[in-house]
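Participant: the following comprises the amino acid sequence and a computationally predicted model.
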Amino acid sequence: MQPAAEKGLIPVTILTGFLGAGKTTLLNRILTEQHGEKIAVIENEFGESGVDNDILVQDKEEQIIEMNNGCLCCTVRGDLVRILKDLRRKKRGGEVKFDRVIIETTGLANPGPVAQTFFMDEDVHKDYLLDAIITVVDAKHGQQTLDEHDEARAQVGFADRILLSKTDLVAEDETKALMDRLRSMNPRAHQKKVHFGEAPISEILDIRGFNLNAILEVSPEFLTSDHHEHDDDVKSFVWKDPRPLNMEKIETFLSLMVQNYGENLLRYKGVLNVKDEPKKMIFQGVHMLMGGTPGKPWEEGETRESVMVFIGKGIPRKLFEEGLAYCVA
Ligand SMILES: Nc1nc2c(ncn2[C@@H]2O[C@H](COP(=O)(O)OP(=O)(O)OP(=O)(O)O)[C@@H](O)[C@H]2O)c(=O)[nH]1
């Protein structure tokens, strides 16, 4: 097959997977690997305020474009088209340099409509080539997620590659059962276990996995329908506070919340402004699994503010807000 670059087409990878599956971890791996390519990243996060920019490692020349004002697969698809066209124009004009694009969807996105963009919009179609849809599946929570969320099943259905994260947290037979289920859902997609995103780049980029005919077999309305469902019970809220926090209090409070509401807490993550701490504290979790790591230092002149995003079903927002306010140092 003639490589996309030779035909002047820009290859695009759609990186999808349910909330907290490990997409950003994988993306960080890709961005830090020495593959000699410049990658433009389009980040779409669920919730009005994104924190992935603080989690992503970033070289100054990389283009990272955030889209936080809605879900990529529905309301902001027009924005995606605009961003892709804009990137193309800037590349032609020599304003930016990049060889490929990776789109990280929200954990609640159906990748179908995102993929559709590359066939439905003429301008996008003539400049870009959809290389593959890569779906990350969390081995620890995958079975439950597949049982409960249509979006997770769509992500598996559309996958050209499935990467299994967090197999270190479960017994081998559990991983095997999940892999069997994924195979029965999508026999087309090659599966691979990845430990904290460690996967050979050659197995993720330029794999020419996207096959329109295969997609039309599983989803005959792919090129004509715009309709897909979302789980409206899943809600998010953002908490922000400029006051420095006390680390011990925040750990105690969030542990307590996770013990009580972990089942319904699909995803939570944030950048915390901890008192006397020169670095941002990145705090995040999926259900009961929670952890914190130091992130980038606060820049001079940067407003030190804590931002946390909570995503889940029936989460008592007021209780969280009151408790978090109590964690101020
Ligand atoms: N134990 C273990 N943890 C992992 C692995 N991969 C990712 N994680 C952890 O899982 C959590 C979520 O990872 P992310 O990469 O942020 O997940 P995501 O899919 O980008 O999450 P959203 O974009 O918020 O939906 C983080 O705490 C990661 O460190 C893995 O292979 N093993």
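Facilitator: Yep, that arrived.

Participant: lowest-pLDDT helix or strand in this structure?
Facilitator: Within the chain, no helix or strand scores below helix 52-55, which has a mean of 58 by mean pLDDT, DSSP states H and E.

Participant: show me how this structure divides into domains.
Facilitator: Using automatic domain parsing, the domain parsing of the chain gives 10-203, 232-326.

Participant: and the ones you listed as CSV, adding distance to the ligand and mean neighbour count?
Facilitator: The way it works is simple: take the backbone N, C-alpha and C, and place the C-beta from them, glycine included. Output for the domains of the chain, formatted as CSV (distance: least, Cβ to the nearest ligand atom, whole Å; neighbours: other Cβ atoms under 10 Å):
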stretch, distance to the ligand, mean neighbour count
domain 10-203, 3, 19
domain 232-326, 5, 16
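
Participant: out of those domains, which gets nearest to F210?
Facilitator: Each of these has some distance to F210 by Cβ to Cβ; the shortest is domain 10-203, at 4.7 Å.

Participant: returning to that earlier point: pick out the shakiest of the domains of the chain, pLDDT-wise.
Facilitator: Across the domains of the chain, domain 10-203 has the smallest mean pLDDT, namely a mean of 85.

Participant: run through the helices of this protein in chain order.
Facilitator: Ranges of helices in the chain, per DSSP state H, are 23-32, 52-55, 77-92, 111-120, 122-127, 142-148, 150-157, 172-185, 212-218, 247-261, 317-326.

Participant: redo these as TSV? Include distance to T293.
Facilitator: Formatted as TSV, these follow (distance: least, Cβ to Cβ, whole Å):
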stretch	distance to T293
helix 23-32	11
helix 52-55	9
helix 77-92	30
helix 111-120	28
helix 122-127	37
helix 142-148	23
helix 150-157	26
helix 172-185	25
helix 212-218	38
helix 247-261	13
helix 317-326	19
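
Participant: H195: which of those helices is closest?
Facilitator: Short answer: helix 23-32, nearest of those by Cβ to Cβ, at 9.8 Å.

Participant: what's the closest one packed up against?
Facilitator: strand 10-17, strand 39-44, helix 52-55, strand 100-104, strand 128-138, strand 161-165 (3 or more Cβ pairs under 8 Å, 6 or more residues apart in numbering; DSSP states H and E).

Participant: now do it: distance to the chain's middle.
Facilitator: In terms of Cα atoms, centre = their mean, to the nearest Å, the centre of helix 23-32 is found 10 Å from the chain centre.

Participant: if we can go back for a sec, of the domains of the chain, which approaches G209 most closely?
Facilitator: Across the domains of the chain, G209 has its closest neighbour in domain 10-203 (3.0 Å, Cβ to Cβ).

Participant: span of that closest one from start to end?
Facilitator: The first and final residues of domain 10-203 sit 18 Å from each other (Cα to Cα, to the nearest Å).

Participant: equivalent analysis for stretch 271-281, please.
Facilitator: Taking Cα to Cα as the measure, stretch 271-281 stretches 6 Å from start to finish.

Participant: which residues touch that stretch?
Facilitator: By Cβ atoms under 8 Å, 6 or more residues apart in numbering, the residues outside stretch 271-281 that reach it are 51, 54, 241-247, 250, 282-283, 292-298, 304-308, 329.

Participant: R100 touches I14, doesn't it?
Facilitator: No. Checked against Cβ atoms under 8 Å, the pair R100 and I14 is beyond contact range at 11.9 Å.

Participant: out of the contacts of stretch 271-281, list just those in strands.
Facilitator: Mapping those onto strands (DSSP state E) picks out 241, 282-283, 292-297, 306-308.

Participant: quick one: which of those residues is nearest to L108?
Facilitator: Within the ones in strands among the contacts of stretch 271-281, the smallest distance to L108 is 18.0 Å, found for M308 (Cβ to Cβ).

Participant: next up, the contacts around the residue lying closest to that closest one once chain neighbours are set aside.
Facilitator: Leaving aside its sequence neighbours, M308 sits nearest to G270 (Cβ to Cβ, 6 or more residues apart in numbering; 3.2 Å). By Cβ under 8 Å, 6+ apart, the contact set of G270 is 51, 239, 282-284, 306-309.

Participant: now do the spatially closest residue to A132 that is not a sequence neighbour against the ligand, distance only.
Facilitator: With sequence-adjacent residues excluded and distances taken as Cβ to Cβ, 6+ apart, A132 is closest to G209, at 3.5 Å. Distance, G209 to the ligand, by Cβ to the nearest ligand atom, to the nearest Å: 20 Å.

Participant: same deal with G8?
Facilitator: 31 Å.

Participant: roughly how far apart are G209 and V12?
Facilitator: Using Cβ to Cβ, to the nearest Å, G209 is found at 12 Å from V12.
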